[in-house]
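Peer 1: attaching a predicted model along with its sequence, questions to come.
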Amino acid sequence: MCCFPGGRRWPEHWLPGLTRDLQDRSAVLSGPGQFVQYPDGWSQVQEHPLLTASGPLLASRIRARFLALPNVSTRRSLVTGLEYRDGRVTAVRYRSGQADHVLPADLVVDAMGRASRLARPRWLRCSPR
């Protein structure tokens, strides 16, 4: 995975030192003027610094950095729905064991990738069921 300067700006803004953290774990930041060879055989001299890291490395470091924040937590549970107010998500409904819970939230991040239930249209509505 390559991160061009614009693609590094916001992650670095929210997680200062992320680029250095990734470099310490094998990511490569190549400077302007260096030769780049692309998988399809094209090559060129790059004009901007380019960070190259594997997708799993990038995901694991971002996850670790967020989980280190004092106001971020995770829960192992089954999300059963979202609650809305004024057109925005305000809470997550989930089941832990046999009990149902509601967790108020200012920010909800779905990091399930292709397994995400948010891909189901009924969850994307901005109104309660």
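Peer 2: Received it, and whenever you're ready, just let me know what you need.

Peer 1: now the longest helix that the chain contains: buried residues?
Peer 2: When the chain is parsed with DSSP state H, its longest helix is helix 55-67. If you call a residue buried by 16 or more other C-beta atoms under 10 Å, then helix 55-67 has these buried ones: 58, 61-62, 65. C-betas here are computed from N, CA, C, even on glycine.

Peer 1: put the alpha carbons of that helix into CSV.
Peer 2: Taking Å, rounded to 0.1, in the frame of the first residue of the first chain, the C-alpha atoms of helix 55-67 are listed here in CSV:
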residue,chain,number,x,y,z
GLY,A,55,-2.1,-3.0,4.4
PRO,A,56,-1.9,-5.2,7.5
LEU,A,57,0.9,-3.1,9.0
LEU,A,58,-0.9,0.1,8.4
ALA,A,59,-4.2,-1.2,9.8
SER,A,60,-2.5,-2.7,12.9
ARG,A,61,-0.6,0.5,13.8
ILE,A,62,-3.6,2.7,13.3
ARG,A,63,-5.7,0.4,15.5
ALA,A,64,-3.0,0.3,18.2
ARG,A,65,-2.6,4.1,18.2
PHE,A,66,-6.3,4.6,18.5
LEU,A,67,-6.7,2.0,21.3
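
Peer 1: so what secondary structure elements neighbour it?
Peer 2: When contacts are defined as 3 or more C-beta pairs under 8 Å, 6 or more residues apart in numbering; DSSP states H and E, helix 55-67 packs onto helix 18-23.

Peer 1: show residues contacting the helix it packs on.
Peer 2: 8, 11-12, 27, 29, 51, 53, 57-58, 61-62, 65 (C-beta atoms under 8 Å, 6 or more residues apart in numbering).
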